[in-house]
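here you go, sequence then predicted model.
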Amino acid sequence: MKDLMMLKGAKTLVDTCTGVKPGESVLVVTDFTKVAIAEAIAAVATDRGAETMVMVMQPRQRAGQEPPNSVAEAMKAADVVFVPVSYSITHTHAVKNAAAMGTRLIVMTDFTEEMMIRGGLEADFNELKPICLGVADSFKNGKRIHLTTPGGTDLHMNIEDRRGNALYCIVEPGQFSTAPTVEANVSPVEGTANGRIVVDASIPYLGIGVIEDPMEVMVKDGFITDISGGRQAEILKGDLESHGDANVYNIAELGVGLNPKCRLCGIMLEDEGVISTCHIGIGTSITLGGNIKSPIHYDLLMWAPQVKVDDHVVIDRENVNLPK
């Protein structure tokens, strides 16, 4: 029965998010743990008249690890690619190169069968599209961001000449989007982020999930210099240290959640879309407009952000205030 219920989400992904047409080539890249989700998407794509293929790989060992070369090459050749996988391959050369070839991509990291049935995929993505584009344009046209939260976050960064990214779950040729999160994000100029991040919502990686005790992250000249807090802070610190790569501490992204149907649950692509949250991405930034490649990309989420771009408050908790 659950297989039938998942077809609801699969129809949204195929019809609304990617607009699959008869005769197009559709590739579903998955791993051993997400095959049922891949099959639901493939069934709907096939029903729409697409030439559909499913490639099943071993689960990646960590987020940001490249897929096998055979998968990466197939992604470049497809018109549409769906990626329901356990560990994110979003911030990889494979995704970047496929988009450069005109592929339309939807990435679905850590997707569950429940997410195919209810939650963020129930949103009206066409209605959210202009809001998301408007926030992204504010980032594109801005020079400085000041982020604050009631929990104690106070972070400044330079975004001059950086693109604003609008991820609203609908893709055109050469674009990728996450789903079901709806978010606008920007990658700050390297070395310019300074201040303090207080993580009080979630870190949907490494088994951390919803935050138990707020975590304080200090930032100087674009890099994390200190992490303090309870048990979950120690998990994050230990993982970052284990990579032996200074770029894991890079401040790679500021993103804001814009999907009213998403709910905080410890799963990345639901959490990051939740209204009245924002996240700071760390590590790799190459797919967002930055220049850093690292072994990881993790997002640190916080509640009730105020995001000021230059002198205009664009995000004030759940409210979006676009420039006139």
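Right, received. Where do you want to start? Numbers count the residues shown, from 1 in each chain.

excluding its backbone neighbours, what's nearest A304?
Using C-beta to C-beta, 6 or more residues apart in numbering and skipping residues adjacent in sequence, the residue nearest A304 is R317, 4.7 Å away. In this view, the C-beta of every residue, glycine as well, is placed from N, C-alpha and C.

that neighbour: neighbour count?
R317 has 15 neighbouring residues, counting by other C-beta atoms under 10 Å.

surely D79 meets L105?
No. Under the criterion of C-beta atoms under 8 Å, D79 makes no contact with L105, lying 10.3 Å away.

so for the two, which sits in the more crowded spot?
A side-by-side neighbour count of D79 and L105, using other C-beta under 10 Å, places L105 first with 24 against 18.

in which helix or strand would I find that one?
Counting by DSSP states H and E, the element that carries L105 is strand 104-109.

what's N165 in contact with, if anything?
By C-beta atoms under 8 Å, 6 or more residues apart in numbering, N165 lies in contact with 136, 139, 184-186, 288-289.

same question, G255
Residues in contact with G255 (C-beta under 8 Å, 6+ apart) are 183-186, 272, 278-279, 281, 299.

kindly recompute the last result at 7 Å.
183-185, 272, 278-279, 281 (C-beta atoms under 7 Å, 6 or more residues apart in numbering).

for beta bridges, what are the partners of it?
For G255, the beta-bridge partners are N185, H279 (DSSP bridges).

tell me the pLDDT at it?
The per-residue pLDDT reported for G255 equals 98.

distance of it from M75?
For G255, the distance to M75 (C-beta to C-beta, to the nearest Å) stands at 23 Å.

then A246?
With distances taken as C-beta to C-beta, A246 is found 29 Å from M75.

out of those two, which sits in the busier spot?
In this comparison of A246 against M75, neighbours counted by other C-beta under 10 Å, the higher total goes to M75 at 24 against 12.

the more buried one - that's part of a helix, no?
Yes. Judged by DSSP: H, G, I helix; E, B strand; the rest coil, M75 forms part of a helix.

thought A98 was touching it, still the case?
Yes. Counting by C-beta atoms under 7 Å, A98 is a contact partner of M75 at 4.0 Å.

tell me which residues form a beta bridge with the residue positioned nearest the centre of the chain?
Taking C-alpha atoms, centre = their mean, the centroid of the chain lies closest to T178, which sits 5.4 Å from it. On the basis of DSSP bridges, T178 is bridged to V107.

OK, contacts around it?
Taking C-beta under 7 Å, 6+ apart as the criterion, T178 is in contact with 90, 107, 167, 269.
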